[in-house]
Every structure is written in structure tokens, then in C-alpha cells.
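Engineer: output the structure for:
(chains A, B, C and D)
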Amino acid sequence: METRKVNQGGKASKELGTLKGTIFSVTVVGLGIFVTYLLVYGLYMARL
Amino acid sequence: MMHRSEKVWLFLSFGMIIGFMLITGYQTFALEMGPPSYGERIDPQKVDETAPFDNPGIKQIGEDEYEVVMTLQVFSFTPSKIEVPAGSTVHFILTSKDVVHGFQVAETNLNAMVVPGYVQKITQKFDNPGEYLVLCNEYCGAGHQMMSTTITVK
Amino acid sequence: MKQSGYGLILLLVMLLPPVANLLESIMITHMHMQMPILVIAGFLMAKFFQQHYLQFFAKWNENGVPGILLFTIIMAYWSLPRTMDEALTLTSVEAFKFVSLPFLAGVPLRDSWPKLSSFWKHALIIFFTILFLALGWLYMWSPVQLCNNYLVIEQITLGWGFISTAFAMVVYLVYSYFMDFSKYE
Amino acid sequence: METIMNKSGKTQVIREKVNKVLGISLEDARLTKSYLSVAFLAILLGGLLGLLQGLNRAGLLELPVWLNYYQVLTAHGLLLVVVLSAFFTIGYFYAGLSHTLGGLLPKVRKMAWIGFWMKIFGFVLAVIPILMNEASVMYTFYPPMAASPIFYIGLVFIVLGVWMCAFGAFINVASWRKRNPGQHIPILSFFATGVFVLLFFGSLPVAIEVFTIIPWAFGWVETINVMVARTLFWAFGHTLVNIWYLTAVSAWYVIVPKIIGGRRWNDLLTRIVVIALVIMNITGGFHHQIIDPGISEPVKYMHVFMSLAIGFPSLMTAYAMFAVFERTARRKGGKGLVGWYKKLPWGDVRFLAPFIAMAAFIPAGAGGIVQSTNQLNQVVHNTMWIVGHFHLTLGMSVVMTFFGISYWLVPYVSKRVLTPQINKLGVIQTIIWTIGMVIMSGAMHWVGLLGSPRRTSYSTYFDNATALSWDPYLFFLAIGGTLLMIGVLIQVYAVFYLMFFAPKGNTEFPVAEVEEDAAPTPRWTERWGLWIVCMIVLVGMAYVIPLVDFIVNAPPGSPPYKTW
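Structural biologist: Sure, this is the predicted structure:
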């Protein structure tokens, strides 16, 4: 129930709409995928 | 509906995955590096009487090129000891006489499922001398952890 | 408009020789993957044509029936074993495939579907269900090799592909018979 | 007729209101409590067996002959992959259906109980032969290894019990839709519908497989088609794990935003993720067969695409989750590129556990993408890497989300409250579990790359140098396993404390609202029949080719073997 106060910021959502932290975070996710791929791909090529 | 950055993220990340796919496709179809997919059928109860498995063993088929005909059964590989000179390419022809087995050689890309009723083929070039551990990587019974042999590269 | 762009990109990707070769190397992916994707590409591009030739579509395809007839004819034509064979051997037929499926099947489908009454929609699905069952039966039980380019086993596989697609359409017909969409939507 | 309908409609409306005010009805609560109790007893037992395995694998513990490694492993898999996940999922979603649809229909409740006892009965049947060492076949039971027929009959009852619950859910949702024409199914029930659709269609192939195995295991039929059985198994096996994943995802989208005091992500995109996961899931199973014989390279390549396509909704989820967190944190005054993370309620176990679960899905999903890529699969197939992968996905992403859910769901159904002490205990549990899992699955991934196989009891392969070099990593496995066991004990204590001993009170079922300026969701999202048809067509595309080939060009079959 104590969350009510926070939720009332419907109108304010525009100025709070920046998502640079999200962009940063998903970039980390993307890099994670890429690095994992490189690791296993490198191992595969080295063992050919 | 979607934030611009979300579209960019989905486009880039999925593009990256498509990139992985293209590399895979190029290696599979242009460089013939596809995963082991041979599928000739065989009667799993008559492996010993069916060529070439009636005579398992190693055979030189060219300069630096060998062919190993191998059967897998609980809990061993036949032939059990293999020796090849360094730099040779070895073609393995495999089948199972009983349950599903796995054929894996540690520190190489040799890894294939060996299923009763099917002939499997996989190839590897051994550049570095040493003793390579061959093991079964699909659970096949009480002695599964003992099912191993070695390939010696001189 | 963006949709039309995606449709064009999809068509161009399908035209790439490695993609076309891969999909055409297996009979069932040729018919049940490449061909529907071409129709989808046209379906996406239809927005462009609808906006630019508003008059034409309004006049020619007023109630949606002419469009859907064209769609049906094109689809039925490409379900024949002969045409698939020819697409592989004759360049002109292959070119016709890449033109007819998107532009003569995909585009009219998009234009017609919303205009059709539910009677015509169901009639169309029933028609294709029967057609697919018949084709499935033909491909599975035909004693001879229907295509020069594909083995009998691929023919049987395609037959089962038709049967499973027909099954999915039956599921949909049953579902829409029991469900009254107007109540839920 | 009309008046009766109206009357029952009215009572229903009253019941829905009562439900909102007073919380879950006692009967619905009892159902969920029973399901959750079984789930957490399963993790207690399964965790203990897991510890035995970890210690054995590190060479620290020799298991007695009457309880060997493979028996333990079969039971561990069955308890955690089938019992824990199925019982938790059903218990959780039935509570969700009850909460969002205004209580379960009496008929549906009865079906869920019948399903409950069928699954218990089936499970007991399956466990007896495992304990008697008559079914050491792993939960994948690949023919031609043949367990005692009792084992397979047990599996049939488990599947039938799951179907009972699936149909119960469909009936309840359909009845709600009839009473509320023109309305969207509440989001949590939408997730539940997707999960039960997948449970039903995903378990169809395994049901077919088991029905071909039973006469063969009894000896009425001499041989079996090995590859058909294997293919049918994976059509089910992979769907199953993605069902648990979808369950966890439902909590991420619906519950977590409420707990952190925020709002739900775009309703349409959420529903698209559910629909996409339902349509594309079953075909993903093929990446388990990338190095199998008898499937041609173009077909395998086509399946890589089908497997990787499942990644798309997960990538959408990653973005959605971060965006929900960031928006909420910024509303609370969070600043900076990453500084806003400080504004999230880190001390609240109901947030902390699912958050770490989500974070774990980053490496877990990355590993999944890599291993379903054709050639790279050769590097990791059937090695410890795979074990590490599914301990990250299931043991972290899914199970930790389940843990997070339990801290509000259990008090909700037992009409008690989460005390600050238990919350603190939960935070400690989350940290122990995280450390244990990172150590264990990290070691598993690495030793797998070096070549150590999965599902193998401790072995030095006759003192082979390569195999001996794996031992230090396997030692970490034992350390991680021990930490995890401590985590299990704390978790089970917390659940049963909250169920029976915590102070009485009202706990809210946290379902987040959408953003106030959200656009209405289009109607087409409700056309489940259409999504099911798309799914059938896609399954047809994927499975018709190999199955027809395996059946038409079948080799002579295999007789049953008992090799343990």
C-alpha cells in the first residue's frame, strides 16, 4: 500500500523518460553474448 | 509502442545472432565443417557380420590419412588402442552394438552421438603429438565411467 | 510503409542464391517454407501498392472475391509437383515463382482478406484444407516419383507436411465454429 | 435459463469482489499450499541427492552399492526437473488464476486435486523402480535402455495429472471470458494460459514416446525405433524447461514491478513475448540433436534458426526489465547512468532473488545461444558445460525466481505475513545460493570446455593425465554443492515457517498495473486458437522431415537392454 505515493507520477513520466541506464545495461548483455560466442568459437577453431 | 532505443537494441542483438548463423552456414556448406550427420542404416543386432564393422581397426588410406572403423559397446571401444603419426587426418566410422553411446576425444572437436542402427562419421586432424583421451559422453550403464581408451599421436 | 520495406528486404533475402539453394534443396522446405515466405513478403509489401493504387484496388477488388480467386489460382498452381520441378530446371519458371507468389498471391491476399465476408473466409480455409488433404494423399501414396529433382522419401515427407498443415486448419475451423469472436472482441 | 445465468453471473461478481477484499478462498489456498509443499519437499530431497553427487564427482565420497551414482542422478533429475518445477508452476498459477479470475470454479478445483493425486501416484510408481535399481535410465530414458515398465507407467500418470491441471486452467479462463465479454484476460492468467498450452502440447510427444515404449518394455514388442523415441523426447524435453522459464518470466513482468513500486511494461509487448514463446518453443528441442546421426545438414541448419528464434522474446524481455527498473528508480529520484540502481529495494528478498535470477539469465542465455550454434555444439555437447548451463538457467534463473515468489505467495495463501527476520534470512539465503551456484556452474562450464563429460560418476579413466587435470575444477563443484544444500535448508525452513508459524495477517498478491498513459492492447492478442494453429504449423515444419525419414527409412529396431 505504501507504494501508492510513488505510482502517482503518471504525468511526470515524460521527463523521467530517459532510458540511458537501460541502453547501457542491454549493451552489457549484448557484449556478454558476443564474448561468450568468441570464447567458444576461438576454442573450436583452435582445436580444428 | 516501442522506444527507439528498444528497436535499435533488438535490431543489433538479433543482427549479431544472424551473424553467428551466417558464419555457421558458411562453415557448414562452403567449408564442409558441418556437425557429424552421417546416417547410413545398419542392423544393430548384426553389427559384427556387417561390413565394414566385421573388421574393425585402423587402416591407412592415403598419405597422412587414416580410416578407423570402430564399434562402441558396453563399456568399451573396439579397436581399443589407436596410434597415428602427428599431422595425420583420421576419419572415424562408428556404430553402436547396444545402447546409445557418445564418442568424444578430449581437447579436440571430436564429439558425436553414436546411436544403434545408424553409422556415424567424423574427422579430425591431429597436429600435436600426445596421448588423447577417448571417452563415452552419453550415459550407457553401470560401467559408463570406465568406458574410455586413448589415441596416441607420435 | 515501414512494413513494405521489411517485405522488400525479405524478398531480396529470399532471392539470394545461397538462401534459395538451401531452401530448394529439400522438397518440403521448398514448398512449405520458401513459398509461404514469398507470400508473406508480398503480404507485407501490399501496403505500398494499396496506397499508391487505391483506385485500382477499390475498383477491381471491390468485395475481395477477385483478389482471393487470383490468390487461390496462384497457390493451387504452385502446389503441383510439375511446377516445382520446372522451377528448378527452367530459369523462367523460377523467375515467375519469385514474381507470382509475392505480387499475385501475397498482395491480393492482403487486399482481399478484410473485405471478405466470414462465409468466404471459411469457404477459403475449407477449400485449402480439402486441397491439402488431397495433395497429402497424392504425395504419400503416389507409386511413382512425381518430381525428377526429389526422391520418393522427400515426396512422402511433403505429403505428411500437407496433412499436418491441413490438421492445423481443421483445428482452426473447429475453434472458430465453437468460438463467437464478436462476444470476446 | 436466462435468469439462472444472470444469477450465477451475479454471484460470480460478488465472489470476485470478496476475493479482492478478503484474499484467496480457503479452498483455493489449500490447493496451492499442497502443491507448494510438495515442490519444496522435492527440492529438499533433490538437493540432498545433488550434494551426494557433487561430493562423489569430486572424488570425496564413495556411494554405497545399494544407492549408486546413477540411481541418485536419475532421482535428482526427476525430483527437480519434473516434480519441483511442475508442482511449483501449477501451485503458483492456480493461485494466480484464483486471484485474477475471482476464484477457481468448483469443477476446476476438483480437476486440480485429481491432477495432484495422479501426479503423486505416478511419481511414487516411478520412484519405486529407481530405488530398486530397476530404472537407472536418467530422466531422459533414451531407448534402447529399458527400465522396468512400472517406471514408464508412472510417467504416464504424471503426464495425465499435468493434463488435468491444464484443462482445468482452460475451463476457468474460458468461463471468465464468457462472463467478461470484450475484456482482456488479466495478464497473469494470460501467462498461465500460455504455460498450460505449452504443457499440454509439449507433453504430447513424450506421451506418444512412452506409449511406444511400454509394450516394448513389457516384451510384447521386440524392438523399438531408437531415433524416433529420442526425437519425440526432445520435442518435449526442451519445451518443458522453457515452460519453467516462461513461469519465471511471468513473475518478472507482472510481480517484480509491483514489488519495487513501479508499473508494468507495455501490455501488448508483454503479450507478444508470451505468444512468441508459445509458438516457437517446441521446435527448439532439435538443438539437442545437432551431433546425432541421420539428420541431414540442411535440416540441422534450419533448426539452428528455429532454436535461436526463441532468443528474440528473451532479448525483448532483457530490455523491458531494465527499462521498468530504470523508470521506477528515476521516479524515486535515481540519478546518473548506473547510479539509479541504488534506488532499488535491495534489502527486499522478494526483489533481490528475482533480480539475481534475471542477471543470471544473461550468461545463461549467452551460453544457450552459443551451444545451439551447429559447430560450436561439438565443443560442448554432453560435457559438464551443459550441466553448468542448465544449473544457471533452471537452478538460478527459474528456481531463484520461484524462491522470490515463495516469500509472498506462501504468506498470501496461508493468510500470514512475511516477518522482517524471515526477509533477512531470505536475503542471506539468496546470497548463499548465488555464491554456491556461481562457483558450481562456473566450474562446470570451464571443466566442460576442457572435455569432462556429464552424467559420469567419478573416474580418472585409469589415471589418464587429462582426466586428472579436471579434478581441481570438480572439487569446486563439491564446494558449490555444499553451499547450495545450506541454501536449500534455509529456503525450506522459510517456506514452512511462513506456511504454518508466521504471524497471522493479510499479504497482498502483487500484480502491477500498466502505465497510466498506456495505449489499449489490440484484440487480436486474445485469439489463442490462432496461436495454437501457428504453433502446430511450425511444429509440423520442424518435425515432419526427420520423423518421416526415421520411420520410412528405419533401420531394424533395437531390443531392450539393462546395462546397469
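
Engineer: now do residue D:310, the pLDDT please.
Structural biologist: Looking at residue D:310, its pLDDT is 87.

Engineer: same check on residue C:82?
Structural biologist: 84.

Engineer: and what of residue A:16?
Structural biologist: Looking at residue A:16, its pLDDT reads 50.

Engineer: mind jotting down where the strands sit in chain A?
Structural biologist: Per DSSP state E, chain A carries no strands over any range.

Engineer: what does chain B give?
Structural biologist: With DSSP E as the criterion, chain B has strands spanning B:57-62, B:65-73, B:76-78, B:81-84, B:88-96, B:101-105, B:111-114, B:120-126, B:130-135, B:148-153.

Engineer: now stretch D:461-479: average pLDDT?
Structural biologist: Per-residue scores along stretch D:461-479 average to 92.

Engineer: that stretch and chain A in contact?
Structural biologist: No. Contact of stretch D:461-479 with chain A (Cβ under 8 Å from any Cβ of the partner chain) is absent, the minimum separation being 13.4 Å. Bear in mind the C-beta positions are built from the backbone N, C-alpha and C, glycine included.

Engineer: any part of that stretch near chain B?
Structural biologist: Yes. Stretch D:461-479 is in contact with chain B by Cβ under 8 Å from any Cβ, via D:461, D:462, D:464, D:465, D:466, D:467.

Engineer: swap in stretch C:136-155?
Structural biologist: No. Counting by Cβ under 8 Å from any Cβ, no contacts exist between stretch C:136-155 and chain B, the nearest distance being 11.9 Å.

Engineer: show the contacting residues for the closest residue in space to residue D:126 that isn't next to it in sequence.
Structural biologist: Nearest residue to residue D:126, sequence neighbours excluded (Cβ to Cβ, 6 or more residues apart in numbering or on different chains): residue D:154, at 3.1 Å. Contact analysis of residue D:154 by Cβ atoms under 8 Å, 6 or more residues apart in numbering or on different chains lists D:121, D:122, D:123, D:124, D:125, D:126, D:127, D:128, D:129.

Engineer: mark which of those are buried, thanks.
Structural biologist: D:122, D:123, D:125, D:126, D:127, D:129 (16 or more other Cβ atoms under 10 Å in any protein chain shown).

Engineer: now tabulate these in JSON lines and tack on secondary structure and pLDDT.
Structural biologist: What follows is the buried ones among the contacts of residue D:154, written out as JSON lines (DSSP: H, G, I helix; E, B strand; the rest coil; pLDDT from 0 to 100):
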{"residue": "D:122", "secondary structure": "helix", "pLDDT": "95"}
{"residue": "D:123", "secondary structure": "helix", "pLDDT": "95"}
{"residue": "D:125", "secondary structure": "helix", "pLDDT": "94"}
{"residue": "D:126", "secondary structure": "helix", "pLDDT": "94"}
{"residue": "D:127", "secondary structure": "helix", "pLDDT": "93"}
{"residue": "D:129", "secondary structure": "helix", "pLDDT": "94"}
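
Engineer: ok, those residues vs chain C, which is closest?
Structural biologist: Chain C has its nearest neighbour among the buried ones among the contacts of residue D:154 in residue D:122, at 28.1 Å by Cβ to the nearest Cβ.

Engineer: how near is that closest one to residue D:129?
Structural biologist: To residue D:129, residue D:122 is 12 Å away according to Cβ to Cβ, to the nearest Å.

Engineer: same check on residue A:35?
Structural biologist: For residue A:35 relative to residue D:129 (Cβ to Cβ), the value is 45 Å.

Engineer: contacts only, for residue D:445.
Structural biologist: Residue D:445 is in contact with D:367, D:384, D:385, D:388, D:389, counting by Cβ under 8 Å, 6+ apart.

Engineer: go again with 7 Å.
Structural biologist: D:385, D:388 (Cβ atoms under 7 Å, 6 or more residues apart in numbering or on different chains).

Engineer: that one falls within a helix, correct?
Structural biologist: Yes. Residue D:445: assigned to a helix according to DSSP: H, G, I helix; E, B strand; the rest coil.

Engineer: about what we covered before: among the residues of stretch D:461-479 next to chain B, which are located in helices?
Structural biologist: D:465, D:466, D:467 (DSSP state H).

Engineer: quick one: those as JSON lines, columns for distance to chain C and neighbour count too.
Structural biologist: As requested, these are exported to JSON lines (distance: Cβ to the nearest Cβ, whole Å; neighbours: other Cβ atoms under 10 Å in any protein chain shown):
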{"residue": "D:465", "distance to chain C": "43", "neighbour count": "11"}
{"residue": "D:466", "distance to chain C": "38", "neighbour count": "20"}
{"residue": "D:467", "distance to chain C": "41", "neighbour count": "20"}
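
Engineer: and which of the residues you listed is nearest to chain A?
Structural biologist: Distances from chain A to these, taken by Cβ to the nearest Cβ, are shortest for residue D:466, at 13.4 Å.

Engineer: from residue D:378, how far out is residue D:448?
Structural biologist: Per Cβ to Cβ, residue D:448 is found 13 Å from residue D:378.

Engineer: shared neighbours, these two?
Structural biologist: Common neighbours of residue D:448 and residue D:378 (Cβ under 7 Å, 6+ apart) do not exist.

Engineer: which intervals of the chain have sub-threshold pLDDT?
Structural biologist: In the absence of a named chain, this looks at chain A. Flagging of chain A using pLDDT under 70 yields the residue ranges A:1-17.

Engineer: you answered for a different chain; I wanted chain C.
Structural biologist: Checking chain C against pLDDT under 70 turns up C:1, C:180-185.

Engineer: list the buried residues in the longest helix along it.
Structural biologist: In chain C, taking DSSP H as the definition, the longest helix is helix C:152-178. Buried residues in helix C:152-178, counted by 16+ other Cβ under 10 Å: C:154-173, C:176.

Engineer: do stretch A:26-46 as well
Structural biologist: A:26, A:29, A:30, A:33, A:34, A:36, A:37, A:39, A:40, A:41, A:43, A:44.

Engineer: and if you look at stretch D:219-235?
Structural biologist: In stretch D:219-235, counting by 16+ other Cβ under 10 Å, buried: D:223-235.

Engineer: make TSV from the residues you listed and add distance to residue D:213, pLDDT and secondary structure to it.
Structural biologist: Listed next are the buried residues of stretch D:219-235 as TSV, based on distance: Cβ to Cβ, whole Å; pLDDT from 0 to 100; DSSP: H, G, I helix; E, B strand; the rest coil:
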residue	distance to residue D:213	pLDDT	secondary structure
D:223	12	94	coil
D:224	7	95	strand
D:225	11	95	coil
D:226	11	95	helix
D:227	14	95	helix
D:228	11	95	helix
D:229	7	95	helix
D:230	12	95	helix
D:231	14	94	helix
D:232	10	95	helix
D:233	10	95	helix
D:234	15	93	helix
D:235	15	92	helix
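
Engineer: so which of the residues you listed also contact chain B?
Structural biologist: By Cβ under 7 Å from any Cβ of the partner chain, the members of those lying near chain B are D:226, D:227.

Engineer: for the longest helix along chain A, packing partners?
Structural biologist: Looking across chain A with DSSP H, the single longest helix is helix A:20-46. Helices and strands touching helix A:20-46, by 3 or more Cβ pairs under 7 Å, 6 or more residues apart in numbering or on different chains; DSSP states H and E, are helix B:4-25, helix D:311-331, helix D:349-371, helix D:374-380.

Engineer: right, is the first one up against chain A?
Structural biologist: Yes. If you take Cβ under 7 Å from any Cβ as the test, helix B:4-25 does meet chain A, through B:5, B:9, B:12, B:13, B:16, B:20.

Engineer: picking up where we left off before, now the longest helix of chain A against helix B:4-25, angle please.
Structural biologist: 10 degrees (axes from the mean of the first three to the mean of the last three Cα atoms, to 10 degrees).

Engineer: for whichever strand or helix holds residue D:71, give me every contacting residue.
Structural biologist: According to DSSP states H and E, residue D:71 maps onto helix D:69-77. Identification of contacts with helix D:69-77 by Cβ under 7 Å, 6+ apart yields B:139, D:46, D:49-50, D:52-53, D:56, D:63, D:127, D:130, D:133, D:135-139, D:455, D:457, D:564.
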